[in-house]
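Undergrad: Have a look at this prediction, sequence included:
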Amino acid sequence: FLLFKNPICNIAVITMEESATSKSGKLNQFFGNKLVHPSLKDVSCKESFIDCFLMLYDECVRDSSSSTSVSRDAIKYVNKYTDAIDTLRTMFVNKEDFEVQHIIGRGHFGEVQVVKEKNTTDNYYAMKVLKKSETLSQDEICFFNEERDIMAKANSSWLTKLLYAFHDDDFLYLVMEFHPGGDLLSLLSRCDNRLEESACRFYAAECVLAIHSLHMMGYVHRDIKPDNILLDSSGHVKLADFGSAARLSPNNTVLSKMPVGTPDYIAPEVLSGLEYGGTYGIECDWWSLGVMIYEMLFGQTPFTGDTIISTYGRIMGYKDTFSIPPHVSVSDSAKLLLKELITDQSERLAYNGLGCHPFFDGINWATLRSTVPPHVPELNGYGDIAYFDTFDDASNTAADFQTDLQTLKKQLPFAGFTYIKDL
């Protein structure tokens with residue numbers, strides 16, 4: 001069973017009593033991404049600073065149209081940096097660098113596209129396009145910065161990685177790895193909504209490692225469900241969609257007054273936060289894993305009601321409403337696992353307990369990534385979308401959702417969003 005350790009970073013010590021040579025050396029290291037300091041964690045790449053510089057320039061361009069003294073200063077600023085800005089913008093990645101091949105997801109905040117990098121033969125990515133106006137209006141349930149940061153920092157083979165992040169006046173763009181094997185939900189659909197217990201064991205084990213990898217980064221996912229468990233070209237698990245994720249506080253909890261997540265999979269302590277404003281921790285992800293394992297074994301989730309409110313009520317009363325369906329034969333260890341995951345957070349199994357649970361007997365945790373999965377995708381090329389449902393190619397993002405976000409005040413929440421992965 002694998003034990004993960006927190007990575008040891010070379011944390012810089014910055015003091016006021018330093019020579020100019022020492023300070024300038026550290027600044028050069030910082031811009032070379034070779035120096036780490038806790039207070040700089042949110043501006044830890046050159047692109048973030050350039051992003052802010054471009055935003056200031058655009059605001060000065062808008063101000064230069066008036067006749068005030070401030071605007072005259074803005075005109076001087078614009079004239080001074082126009083050539084530099086034009087050059088920088090030719091080097092920054094933008095949506096015109098990609099050709100949209102298919103749309104494989106569409107929701108309230110935007111859509112997910114399969115794109116091909118122009119002037120390449122086989123560089124296919126998934127590009128998530130988010131409406132800025134919606135992310136601002138629903139900032140208690142949409143965490144675009146956390147999503148960007150997680151994928152940018154991810155160094156685990158179990159997590160989906162980010163290649164580029166950029167934005168324009170109306171949209172945020174996240175260009176990430178494309179995993180052509182579909183997701184666990186589509187796999188369940190192809191298997192009549194149920195998996196054999198041996199297959200369930202395999203995917204559950206990979207999910208354990210994926211979820212733990214995220215927790216070790218200092219985040220809780222809060223939306224673990226089959227839709228967010230992608231399968232790569234070999235059929236292995238890749239955890240995705242970190243738009244509901246939250247950074248853990250120093251005491252490893254988060255505070256939220258909104259029930260973040262998907263109703264059928266939400267843990268009771270998350271729902272309790274809606275009423276009492278309480279905190280909860282990473283245990284909520286293990287509850288969701290339990291619900292997902294239940295679904296893989298029995299073809300349904302355990303608490304589905306006729307309405308969201310009734311579903312929430314069944315979750316809160318899980319001690320009375322949870323049961324193992326008698327018509328499906330599963331092992332005693334599977335039943336035990338479910339009862340130890342779908343329980344109070346104080347008693348719920350966590351990473352260490354899962355690793356030695358009898359349900360996972362036979363799993364070699366150290367070699368799981370190199371084990372042949374129960375279902376291996378049959379693909380026809382790098383951009384094959386056979387394992388995804390597709391949407392109308394007439395994208396509605398650009399046409400229908402442009403809003404008045406042309407002022408610096410409305411663009412400030414997105415300052416520093418730009419990211420380019422080191423190659």
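TA: Sure, I can see it.

Undergrad: for residue 293, helix, strand, or coil?
TA: Assigned state for residue 293: helix (three-state reduction, DSSP: H, G, I helix; E, B strand; the rest coil).

Undergrad: From what I see, it and residue 201 are in contact.
TA: No - using CB atoms under 8 Å, residue 293 and residue 201 do not qualify as a contacting pair, with a distance of 9.0 Å. Backbone N, C-alpha and C define where each C-beta goes, glycine included.

Undergrad: Report the contact partners of residue 228.
TA: 183, 221, 239, 240, 241 (CB atoms under 8 Å, 6 or more residues apart in numbering).

Undergrad: which of those residues tops the neighbour count?
TA: Counting neighbours by other CB atoms under 10 Å, the top entry in these is residue 221, with 27 neighbours.

Undergrad: just checking, that one touches residue 244?
TA: Yes - at 7.0 Å, residue 221 and residue 244 qualify as touching, with contact defined as CB under 8 Å.

Undergrad: ok so, going back, out of the contacts of residue 228, which two are the most distant from each other?
TA: The distance between the two most remote of the contacts of residue 228 (CB to CB) is 14.7 Å, for 183 and 221.

Undergrad: Find the nearest non-adjacent residue to residue 323, please.
TA: residue 302 (7.6 Å; CB to CB, 6 or more residues apart in numbering).

Undergrad: how close does that neighbour sit to residue 319?
TA: 12 Å (CB to CB, to the nearest Å).

Undergrad: Those two: which has the busier surroundings?
TA: With neighbours defined as other CB under 10 Å, residue 302 and residue 319 compare such that residue 302 has more, 20 against 10.

Undergrad: Which of the helices or strands spans that one?
TA: In the assignment (DSSP states H and E), residue 302 maps to no helix and no strand.

Undergrad: quick revisit: spit out the contact partners of the residue nearest to residue 323.
TA: With contacts taken as CB under 8 Å, 6+ apart, residue 302 has the following neighbours: 291, 294, 321, 322, 323, 342.

Undergrad: Burial check on the third one, number of neighbours?
TA: To tie it back to what came earlier, the one meant is residue 321. If we define neighbours as other CB under 10 Å, then residue 321 has 13 of them.

Undergrad: Next up, the contacts around the spatially closest residue to residue 204 that is not a sequence neighbour.
TA: Using CB to CB, 6+ apart and skipping residues adjacent in sequence, the residue nearest residue 204 is residue 293, 5.1 Å away. Residue 293 is in contact with 200, 204, 334, 337, 338, 341, counting by CB under 8 Å, 6+ apart.

Undergrad: The fifth one reaches residue 324, doesn't it?
TA: In this case it means residue 338. Yes - the pair residue 338 / residue 324 is scored as a contact, 6.9 Å apart, by CB under 8 Å.

Undergrad: In terms of neighbours, single out the busier of those two.
TA: residue 338 (21 against 14).

Undergrad: Can you measure across stretch 241-252, start residue to end residue?
TA: Stretch 241-252 has its terminal residues 21 Å apart, counting by CA to CA, to the nearest Å.

Undergrad: what comes up buried for it?
TA: Under the neighbour-count criterion of 16 or more other CB atoms under 10 Å, stretch 241-252 has 241, 242, 243, 244, 245, 246, 248 buried.

Undergrad: Of the residues you listed, just say which sits nearest to residue 169.
TA: Using CB to CB, those come closest to residue 169 at residue 243, 21.0 Å.

Undergrad: any idea whether that closest one is helix, strand or coil?
TA: Using three-state DSSP, the structure places residue 243 in coil.

Undergrad: Distance check, residue 297 against residue 237.
TA: 17 Å.
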